[in-house]
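Novice: no sequence on this one, just coordinates:
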């Protein structure tokens, strides 16, 4: 019997925040996506997409990358075309990390930071990072492929005290 659900096919992750006050070091938040193979869905990712990059096959693209939060609306945006992702991949985890250039910054230090995850016009999840205000990085979503090949969404706002480099190691955990 076939399912009536088509699963998740294409999503956009949109991140915004207010710029730092004049003369203060810039707030720089980054969306990070980690892709995991079906035979090892936890641990080290097959690849990461971040900092003006895209996946090797073009299915995950960072469309907008801000280093300051200046501008109107969305400061960073990432598109995930899950329906095009090769069957060898079974898990994609999306997170946000704060660059730590000028001392430790947490989500509580970055005014009006928020994330929205959309499939078309449907909002799958939103967060203002209030629950992880003392964290420097957070996982915001997990997408997993089921036994029939459909992608499922799991909202997951979980904070970490990690710099962007070590955050990638935490993203592969099965403990959330």
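Specialist: Cool, the structure landed. Remember, predicted model here, so these are calculated numbers, not experimental data. Residues are numbered from 1 along each chain as shown.
Novice: helices or strands up against the lowest-mean-pLDDT helix or strand in the chain?
Specialist: The helix or strand of the chain with the poorest confidence is helix 164-171; it has a mean of 82 (mean pLDDT, DSSP states H and E). Under the contact criterion of 3 or more Cβ pairs under 8 Å, 6 or more residues apart in numbering; DSSP states H and E, helix 164-171 touches strand 29-37, strand 89-98, strand 137-145. In short, each C-beta sits where N, CA and C put it, glycine included.
Novice: and residue 83, which of these is closest to it?
Specialist: strand 137-145 (10.4 Å; Cβ to Cβ).
Novice: Can you tell me the strand partners of the closest one and which way each runs?
Specialist: strand 89-98 (antiparallel), strand 151-160 (antiparallel) (DSSP bridges).
Novice: quick one: buried residues of the last one?
Specialist: Buried residues in strand 151-160, counted by 16 or more other Cβ atoms under 10 Å: 151, 153, 156-160.
Novice: how much space between the closest residue to residue 102 other than its chain neighbours and residue 32?
Specialist: Closest residue to residue 102 apart from its sequence neighbours, by Cβ to Cβ, 6 or more residues apart in numbering: residue 25 at 3.6 Å. Taking Cβ to Cβ, to the nearest Å as the measure, residue 25 falls 21 Å from residue 32.
Novice: And the two? Which one has more around it.
Specialist: residue 32 (24 against 12; other Cβ atoms under 10 Å).
Novice: What's opposite that one in the beta bridge?
Specialist: On the basis of DSSP bridges, residue 32 is bridged to residue 95.
Novice: isn't it right next to residue 167, touching?
Specialist: Yes. With contacts counted by Cβ atoms under 8 Å, residue 32 reaches residue 167, the gap being 6.9 Å.
Novice: Brilliant, that's me finished.
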